[in-house]
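J.: Here's a sequence, model it:
(2 chains)
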Protein chains: 2
Amino acid sequence: MKATVLHAPHDVRLDDVEDPVILAPTDAIVRVVATCVCGSDLWNYRGINEFSEPRPIGHEMVGVVEEVGRHVAGMRPGDFVISPFTISDNSCPHCLMGMQTACENLTYFGGTDREGLPMGGAQAEYVRVPLADGTLVPLPETPDAHQIPSLLTLADVMGTGWHAAICAGVHEGDTVCVVGDGAVGLLGVLAARQMGAERIIAMSRHPARQALAVRFGATDIVEERGDEGAERIRELTSGVGADAVLECVGTGDSMEQAMSCARPGAMVGFVGVPHGVRLPVELMFRRNIGLAGGMAPVRQYLPALRDDVLDGVIEPGLVFDLELPLEEVAAGYAAMDERRAVKCLLHV
Amino acid sequence: MKATVLHAPHDVRLDDVEDPVILAPTDAIVRVVATCVCGSDLWNYRGINEFSEPRPIGHEMVGVVEEVGRHVAGMRPGDFVISPFTISDNSCPHCLMGMQTACENLTYFGGTDREGLPMGGAQAEYVRVPLADGTLVPLPETPDAHQIPSLLTLADVMGTGWHAAICAGVHEGDTVCVVGDGAVGLLGVLAARQMGAERIIAMSRHPARQALAVRFGATDIVEERGDEGAERIRELTSGVGADAVLECVGTGDSMEQAMSCARPGAMVGFVGVPHGVRLPVELMFRRNIGLAGGMAPVRQYLPALRDDVLDGVIEPGLVFDLELPLEEVAAGYAAMDERRAVKCLLHV
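T.: Model (predicted):
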């Protein structure tokens, strides 16, 4: 089969590899219908996360179950499933508390499973999913083609934006500030709107992303950054600051921006993998600004968000502004790397 | 009148100073009935916070209103009042959201008021309180003598322990871990019990403080610290970690301890003024451990806690294990500095 392999920074290829097979009775083999490129894949693509040998890549996909191990009870071949970006058993104490990204049996696509056996990446024709019952979320029936992009966002970016809003404690009537206009930030806007935020300020200087933010529910756009950006947020909030802030980037600058936009007593929800972030503990103490978040337990949010997509309540798939066949995966990476695309969907 | 003045590290004296007078129409003069020494006073006493000249000290007191300025409407001479440790107007946007420690007119005892006029400390016979209506909380009648210690804790330590538990998100049925066995930590135990925690683990190696923790509601005591302490918490929580952690010290070690005891998805509520704390952002992200807290808006919690004290629901005054006349204030500092006393009350 064909699978995406990162050979070196900026060198991503669709290689011929062996088809995955059932290795454990709790495995499922999924035929991928759609996959996509994630902002966090770019950390590897850009060589910021080091790696020494070619590695399979991709961790977001929807598809059809091809085969299941004998212990898999929750799905059958032919079922359409959504996979969160992490493998979890959904039965350990952390999973039961909704923290599937802290699962005692947590593993990742492109890594090794809990038996030490290699797992492929999700940017491929087929993928083996360990702990299928705990990980995959089936749909009652095969969705319409137009629903596929939205369902695919539930594998990561929609659930991650949702987590940011949950961790920021967004409440009805709040003024929310969203730092980051990537897919996660844009879907953080959508999440905040769904949670009843009255005013949603998206920080973005990119016209197409601004338009998408507005479509998802942003009421204000702030183009300024740094001190000027914080000053604009203060102006927009009568000098008070935002009731909740979503930090959806993960850099030192973006975290500083988020902290500077929060009103005293507010929470910053952070979901960008931190790279070079140093937290200003004295400022947080003095202004009572809290921070919560981390690797999003999208598995927790998936069933409810799936229903919202199927019911047409939300359409997070609008975040895909580039669709390519899997064969052109390298072009998808390049477009996202150069910020020509917000997020690239790959048809398989 | 007599007032406590810190002349140099470890040199605290009761000096003769001028009586305070009304300087603004929103001022009140309060005759102090009881005051106390705070753990945060020790940062100054020990010379860790630098200062160049003698300074009045003390920020916790209850007393009787002696005189009010012509704009003070909420109290009259003769009223018994509790003062939070900060001056606030209780009418700006931050105060209205319950964040009185971020008040637009925030000032401190022993500093200067918003007009730049000097304010005395609270370890004195009398004290001028600016913005009296916003700051002081009157009682319906003069309390019994046995209620004075508990009411005095509402000036700071009880409200601060309460804030730690609020910020840690303590819920009914939770397992809560409290780091720090000073007055704030002990009252954090009491706060967690009031919020319905089922299991409260106090980290303490001091027998008298352990006993007090148990009296306030601790169900378990952990004497170990560092990795061993974290391991003990894991043992006590079936390997999961605590649902909520209260960090009531403010050092790098105590913060590290708090983070290591939290289960994935838990919040650490922190109220110890940070000294040398560096937050482990990668660990927080990986394990979804949040942090919230800061300088406690005790004014927010004061009316409800006052009622709980007057109704006999809580008795936080048990935290005072040393009572001295104001004349012996220096002995009170020494006892707390040497950890011979948890908290020293000074009768005026």
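J.: Direction included, what does the helix or strand hosting A:L14 pair against?
T.: Assigned by DSSP states H and E, A:L14 belongs to strand A:11-16. Using DSSP bridges, the strands paired with strand A:11-16 in its sheet are strand A:2-8 (antiparallel).
J.: Now do the buried residues in the strand it pairs with.
T.: For strand A:2-8, a neighbour-count test (16 or more other CB atoms under 10 Å in any protein chain shown) marks A:K2, A:A3, A:T4, A:V5, A:L6 as buried. (Glycine included, C-beta is placed from N, CA and C.)
J.: so how far is A:L305 from the third one?
T.: From A:T4 across to A:L305, the span is 26 Å (CB to CB, to the nearest Å).
J.: repeat for the second one
T.: Taken as CB to CB, the spacing of A:A3 relative to A:L305 amounts to 27 Å.
J.: How far does the helix or strand of chain A with the lowest mean pLDDT sit from its chain's centre?
T.: Least confident helix or strand, chain A: helix A:39-45 with a mean of 91, by mean pLDDT, DSSP states H and E. With CA atoms, centre = their mean, to the nearest Å as the basis, helix A:39-45 stands 12 Å off its chain's centre.
J.: neighbouring contacts of that helix?
T.: A:6, A:9-10, A:12, A:49, A:51, A:55, A:57-59, A:182-184, A:273, A:275, A:333, A:336-337, A:343 (CB atoms under 8 Å, 6 or more residues apart in numbering or on different chains).
J.: Need the buried ones from these selected in PyMOL.
T.: Selecting only the buried entries of the contacts of helix A:39-45 in PyMOL, with 16+ other CB under 10 Å as the criterion:
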select buried, chain A and resi 6+12+57+58+59+182+183+184+273+333+336+337+343
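J.: can you tell me which of the contacts of helix A:39-45 are in strands?
T.: A:L6, A:V12, A:R55 (DSSP state E).
J.: any chance of these in a markdown table, plus pLDDT?
T.: Output for the ones in strands among the contacts of helix A:39-45, formatted as a markdown table (pLDDT from 0 to 100):
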| residue | pLDDT |
| --- | --- |
| A:L6 | 97 |
| A:V12 | 97 |
| A:R55 | 94 |
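J.: List the buried residues in the least confident helix or strand of chain A.
T.: Applying 16+ other CB under 10 Å to helix A:39-45 flags A:G39, A:S40, A:D41, A:L42, A:N44, A:Y45 as buried.
J.: And the first one, how close does it get to A:C344?
T.: As defined by CB to CB, A:G39 lies at a distance of 11 Å from A:C344.
J.: list residues touching both of those two?
T.: A:M336.
J.: Strands of the stretch 51-200 of chain A, residue ranges please.
T.: With strands called from DSSP state E, counting those that start in this stretch, the stretch 51-200 of chain A shows them at A:55-56, A:61-68, A:80-83, A:86-87, A:107-108, A:126-129, A:137-138, A:175-179, A:199-203.
J.: so what's the residue nearest to the spatial centre of chain A closest to, chain neighbours aside?
T.: Nearest to the geometric centre of chain A sits A:V157, at 2.4 Å (CA atoms, centre = their mean). Distances taken as CB to CB, 6 or more residues apart in numbering or on different chains put A:A183 closest to A:V157, at 4.3 Å, once the chain neighbours are dropped.
J.: My read is that that neighbour contacts A:V342, right?
T.: Yes - the pair A:A183 / A:V342 is scored as a contact, 5.6 Å apart, by CB atoms under 8 Å.
J.: The ones in strands among the contacts of helix A:39-45 into JSON lines, with extra columns for distance to A:L139?
T.: Output for the ones in strands among the contacts of helix A:39-45, formatted as JSON lines (distance: CB to CB, whole Å):
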{"residue": "A:L6", "distance to A:L139": "30"}
{"residue": "A:V12", "distance to A:L139": "30"}
{"residue": "A:R55", "distance to A:L139": "30"}
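J.: right, and out of these, which lies closest to A:L190?
T.: Relative to A:L190, the closest of those is A:V12; by CB to CB it sits at 28.7 Å.
J.: Quick check: bridge partners of that closest one?
T.: Beta-bridge partners, per DSSP bridges, of A:V12: A:L6.
J.: Quick one: residues contacting it.
T.: A:T4, A:V5, A:L6, A:Y45, A:I57, A:V329, A:A330, A:Y333.
J.: Quick check: residues of chain A near chain B?
T.: Chain A comes close to chain B at residues A:93-94, A:97-99, A:101-102, A:167, A:238-240, A:263-265, A:267, A:270, A:273-274, A:277-279, A:281-282, A:284-295, A:297, as judged by CB under 8 Å from any CB of the partner chain.
J.: so A:M267 touches A:A244, yeah?
T.: Yes - the pair A:M267 / A:A244 is scored as a contact, 6.1 Å apart, by CB under 8 Å.
J.: so what sits against both of the two?
T.: Joint contacts of A:M267 and A:A244 (CB under 8 Å, 6+ apart) are A:A168, A:G169.
J.: residue contacts, whichever residue of the stretch 101-250 of chain A sits closest to chain B?
T.: Sorted by distance to chain B under CB to the nearest CB, the residues of the stretch 101-250 of chain A start with A:A102, at 3.3 Å. Listed by CB under 8 Å, 6+ apart, the contact set of A:A102 reads A:H94, A:P297, B:P264, B:G265, B:R287, B:N288.
J.: Out of the residues you listed, flag the one nearest to B:F80.
T.: B:G265 (43.8 Å).
J.: separation between that closest one and chain A?
T.: B:G265 sits 4 Å away from chain A, going by CB to the nearest CB, to the nearest Å.
J.: number of nearby residues for that residue?
T.: 22 (other CB atoms under 10 Å in any protein chain shown).
J.: For the spatially closest residue to A:E224 that is not a sequence neighbour, give its distance to A:L186.
T.: Spatial nearest neighbour of A:E224, chain neighbours left out: A:R232 (5.0 Å); criterion: CB to CB, 6+ apart. Look at A:R232 and A:L186: by CB to CB, they are 19 Å apart.
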